[in-house]
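A.B. asks: Below: sequence and its predicted model.
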Amino acid sequence: MTDLWIGTSWKMNKTLDEARAWTTGLVDALGDSAPAGIQPFVIPSFTATTTVRALLGQDSPVLLGVQNAHWEDAGAWTGEVSVPQAKDAGAQLVEIGHSERREHFGETVETTRLKVAAALRHGLTPLLCIGEDAQVKAEGGSSAFILEQAAGALDGLDAAELSRVVIAYEPIWAIGEKGRPATVEELREPFAALAEAYGDRVAGLLYGGSVNLDNAADLLGIEHVTGLFVGRTAWKLEDYLELLRIAEAHRAG
């Protein structure tokens, strides 16, 4: 059975002291192994990457990611971080194409394709974020929209490369402080479409968007969902640990 991915991006949050406290608590709680069948991951801000890596240790069951990376290995790209630099800092995963990057920083389907290729080239796991806005949803175009985003980013990959990609469906209308939690019924069709297109060909199909302790179990119960990508709820360590327990109970059936 496919592992359930349970992870969080801290976005632009947490000082180094806060990152140390969260990570130390996680290590103390998990020890040297994750719950059976669960793949935990955490994506801190760039400033905390090496700190979190040092506290997790090199053999941690928790994957460490970065929230973005450039497609070039080096160069005159002021303010950017390359995949080799992220890897050197201890990252194993690269988040690509989050809607905030698309909206505010000019991320395009083409640049997501370049970044996915760069992550794979250097042995990191691409976590590709896709999602539609409220207008697209209202017009009934959700599935077509996210499939186009995914296809554009994954174009040209062979089967082995595709098997290393994780896709996170994060509808824009459901994320952030102003987002509203999606219902199970609203998510069935998009995940059915993603499963038909990619299914077992990718490493995971995750859901993200207003995930909380009350709806996590229901979201994991949606057919084809193989994990959760969580924001604010997981920023408190005790809540992240509870999400891991919910996932463990779901796997146990």
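C.D. replies: Structure's in. What do you need? Residues are numbered from 1 along each chain as shown.

A.B. asks: State the phi and psi torsions of Gly7.
C.D. replies: Here is the backbone geometry of Gly7 (degrees, to the nearest 10): phi -140, psi 170.

A.B. asks: Show me what it bridges to in the sheet.
C.D. replies: Beta-bridge partners of Gly7, counted by DSSP bridges, are Phe41, Phe229.

A.B. asks: Could you verify my assumption that it touches Val42?
C.D. replies: Yes - with contact defined as C-beta atoms under 8 Å, Gly7 counts as touching Val42 (6.3 Å). For the C-beta atoms, the positions are set from N, CA and C on the backbone; glycine is no exception.

A.B. asks: and for these two, which residues touch both?
C.D. replies: Here Gly7 and Val42 share the contacting residues 63, 65, scored by C-beta atoms under 8 Å, 6 or more residues apart in numbering.

A.B. asks: between these two, which one's more packed in?
C.D. replies: Gly7 (27 against 24; other C-beta atoms under 10 Å).

A.B. asks: mind listing what that one touches?
C.D. replies: By C-beta under 8 Å, 6+ apart, the contact set of Gly7 is 39-43, 63, 65, 206, 227-230, 234.

A.B. asks: Could you pull out the helices in the stretch 151-253 of the chain for me?
C.D. replies: Taking DSSP state H, counting those that start in this stretch as the test, the helices found in the stretch 151-253 of the chain are 159-162, 184-197, 216-220, 237-252.

A.B. asks: go on, the stretch 1-150 of the chain?
C.D. replies: With DSSP H, counting those that start in this stretch as the criterion, the stretch 1-150 of the chain has helices at 16-30, 49-56, 83-88, 99-105, 109-121, 134-138, 142-154.

A.B. asks: Thr2 is nearest to which of the ones you listed?
C.D. replies: Nearest to Thr2 among these is helix 142-154; the distance by C-beta to C-beta comes to 18.0 Å.

A.B. asks: Can you give me the distance of the residue in the chain sticking out farthest from the centre to Ser82?
C.D. replies: Distance from the centre of the chain peaks at Ala76, with 27.9 Å (C-alpha atoms, centre = their mean). Here Ala76 is placed at a distance of 12 Å from Ser82 (C-beta to C-beta, to the nearest Å).
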